[in-house]
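S.K.: okay, sequence plus prediction incoming.
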Amino acid sequence: MTNEQTTNHHPRIIQGGMGIGVSDWRLARAVSLTGELGVISGTCIDTVFIRRLQEGDLDGQMRRAISNFPLADVSAGVLKRFFIEGGKSTSKPYQLLPMHQSKPNLFREQVTVLASFVETFLAKEGHQGKIGINLLTKIQMPTLATLYGAMLGGIDYVLMGAGIPREIPGTLDLLATHKKATLKLEVQDAKDQSFTLEFDPIALGYSDVSPLRRPFFLPIISSHSLATMLARKATGRIDGFIIEHNSAGGHNAPPREAQPPNHTGEPIYGIRDEVDLEKVKELGLPFWLAGGYGTPESINTALALGAAGVQVGTLFAFCTESGITAQLKKESVTQSLRGKVKILTDSKASPTGYPFKVVELDNTLSNSQIYAARPRQCDLGYLRTPYRRPDGRIGFRCSGEPIQDFLSKGGSQEDTIDRKCLCNALFANIGKGQMRSENYAEPALLTSGDQLKSIGTFLKEDRPYSAKEVVDYLLQG
């Protein structure tokens, strides 16, 4: 499909792809049913999937979607290993997948492809609306398998931020024809060595080589220079941009100009961090504005600036269909309506080194006592950083892992200060935190855009609300 066709069919609203499991298939489907673009989160989707199976898949949705997966032997193997009839005891820990490595692990790739397919299938089932998937460029190892599974499920859009996804357009072209795809693996201390990730659809046992639909690709950017580079040097077709402001939730781009943080330790953004929209418009591609655009007035402003529409995360994050636990939603919204909610752009929380928005709530890792009481552990490993070992092989380290482990791998003591295990904490946000003992479960760490502070503009009373209400509110102007 040409870029001209893309601009004639773009959505006005793109729902934010919030991970882990916040933008699940239920939320994406609800938004898509309104005619706007619903987005599932592909972040850690394989672990989300197997935890649902271990909880017993009580409504049968996972197994029904699995029955539509084209590789029956893969489906049977995954169910045999992870499905627990009636669900595991709440006091028992979840079974873990082996951590992703730089060399393909066939079983792990099969689980990832199946998980991504299931999420996409359920989001798209029974309607003609469009569904996208959001991935973090920073999380490299699962990317190829996640994309392929989503494409098997008929995904319409791919959104990627937290890095420079220059190779993804060409990758989508290859996967659409079931060809082997590779991505450069970013490795610290690589010197003159280069490393790649490989994914071969045929190795999975997939024999139907009928072409898949190639989804539209929308990189998430925070500078016009990155937009220009991607438009000119990406390995394939770019279909538009999502331009994200630093008021958005989750990971933010670091300031382009280094300066001391403010009195609360937050990074300071300046004029160089504002995107020159005129330069983006010169590229001739549609773009959407994100970060603080969750009001009808903001949509009108965005359209007047030449945008095709907006991406909205925060209002959808706290609606009934999102994956965040009801308790965390209630506590956050109630505090906001009382004018007491606090959101910190924490420059140290994330092992990635990117600033990360944190909602300060008493019973989460944002509480210094709860943080200090949590034993350091890295058993999911999605945010580990590949590094070149002295023997030339690839190792993995995470500044959120036990400090001595990190130091033994060449990490610095300074990088461990106040780092938090986002992987385990974000699973706790959706009620799937790991049990460490009968009396200790992984604590949550909630993230949100700054718009949570002003949610009362939309929500006049403290009550649950639906994704459709959000869309109706946004389009009322």
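M.R.: Structure received. Predicted, not measured: the structure shown is a model, and the values here were computed from it.

S.K.: how about the helices in the stretch 201-350 of the chain?
M.R.: If you assign secondary structure with DSSP state H, counting those that start in this stretch, the helices in the stretch 201-350 of the chain sit at 224-233, 277-281, 296-304, 314-317, 326-337.

S.K.: chain center to the strand or helix carrying Arg436, what's the gap?
M.R.: Assigned by DSSP states H and E, Arg436 falls within strand 435-437. On the basis of Cα atoms, centre = their mean, to the nearest Å, strand 435-437 is displaced by 25 Å from the centre of the chain it belongs to.

S.K.: ok, stretch 216-223 next?
M.R.: The offset between the C-alpha centroid of stretch 216-223 and the centroid of the whole chain comes to 14 Å, using Cα atoms, centre = their mean.

S.K.: with stretch 138-148 instead?
M.R.: 11 Å.

S.K.: that one: end-to-end distance?
M.R.: Criterion Cα to Cα, to the nearest Å; first-to-last residue distance in stretch 138-148 is 18 Å.

S.K.: now do stretch 80-100
M.R.: Here the two ends of stretch 80-100 are set 21 Å apart, with distance taken as Cα to Cα.

S.K.: could you do stretch 148-164 as well?
M.R.: With Cα to Cα as the measure, the first residue of stretch 148-164 is 20 Å from its last.

S.K.: equivalent analysis for stretch 123-140, please.
M.R.: Terminal residues of stretch 123-140 are spaced 24 Å apart (Cα to Cα).

S.K.: how far off centre is it?
M.R.: Distance of stretch 123-140 from its chain centroid, counting by Cα atoms, centre = their mean, is 10 Å.

S.K.: likewise for stretch 312-329?
M.R.: Offset of stretch 312-329 from its chain centre (Cα atoms, centre = their mean): 15 Å.

S.K.: same question, stretch 464-477
M.R.: In terms of Cα atoms, centre = their mean, the gap separating the centre of stretch 464-477 from the centre of its chain is 23 Å.

S.K.: try stretch 456-466
M.R.: Relative to its parent chain, stretch 456-466 has a centroid offset of 25 Å by Cα atoms, centre = their mean.

S.K.: what lies in contact with it?
M.R.: By Cβ atoms under 8 Å, 6 or more residues apart in numbering, the list of residues contacting stretch 456-466 from outside reads 30, 294-295, 315, 318-321, 329, 333-334, 336-337, 470, 473. C-beta here means a position set from N, CA and C on the backbone, and glycine is covered the same way.

S.K.: over to stretch 110-121?
M.R.: Stretch 110-121 is contacted by residues 24-25, 40, 42, 45-46, 48-50, 62, 65-66, 68-69, 71, 74-75, 77-78, 97, 131, 133, 142, 145-150, 152-155, 204 when judged by Cβ under 8 Å, 6+ apart.

S.K.: buried among those residues? Need that as a selection in ChimeraX.
M.R.: This is how ChimeraX selects the buried members of the contacts of stretch 110-121, with burial counted by 16 or more other Cβ atoms under 10 Å:
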select :24,25,40,42,45,46,48,49,50,62,65,66,69,71,74,75,78,97,131,133,142,145,146,147,148,149,150,152,153,154,155,204
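
S.K.: which of the contacts of stretch 110-121 fall in helices?
M.R.: Using DSSP state H to define helices, the subset of the contacts of stretch 110-121 located there is 25, 45-46, 48-50, 62, 65-66, 74-75, 77-78, 145-150, 152.

S.K.: any regions of this structure where pLDDT drops low?
M.R.: Within the chain, the segments meeting pLDDT under 70 span 1-8, 477.

S.K.: who's sitting farthest from the centroid in it?
M.R.: Among residues of the chain, the one most distant from the C-alpha centroid is Asp391; the distance is 33.4 Å, by Cα atoms, centre = their mean.

S.K.: which element is that residue on?
M.R.: Asp391 is part of no helix or strand when elements are defined by DSSP H and E.

S.K.: and it, how far from Ser298?
M.R.: Distance, Asp391 to Ser298, using Cβ to Cβ, to the nearest Å: 53 Å.

S.K.: ramachandran angles for the nearest residue to Ile40 once chain neighbours are set aside?
M.R.: Computed as Cβ to Cβ, 6 or more residues apart in numbering, the closest residue to Ile40 that is not its neighbour in sequence is Ala28, at 4.6 Å. Dihedral angles of Ala28 (phi, psi; degrees, to the nearest 10) stand at phi -60, psi -40.

S.K.: wait, doesn't Ala28 sit right on Gln15?
M.R.: Yes. In this structure, Ala28 is within contact of Gln15 by Cβ atoms under 8 Å, at 6.7 Å.

S.K.: which neighbours do those two share?
M.R.: Contact criterion Cβ under 8 Å, 6+ apart; residues shared by Ala28 and Gln15: 38-39.

S.K.: which residues in the stretch 351-477 of the chain form strands?
M.R.: Under the criterion DSSP state E, counting those that start in this stretch, the stretch 351-477 of the chain contains strands at 356-359, 385-388, 394-397, 435-437, 440-441.

S.K.: so which of the ones you listed comes closest to Pro211?
M.R.: Distances from Pro211 to each of the strands of the stretch 351-477 of the chain were compared by Cβ to Cβ, and the smallest falls on strand 385-388, at 32.5 Å.

S.K.: run through the neighbouring helices and strands of the closest one.
M.R.: Contact here means 3 or more Cβ pairs under 8 Å, 6 or more residues apart in numbering; DSSP states H and E; on that basis strand 385-388 packs against strand 394-397.
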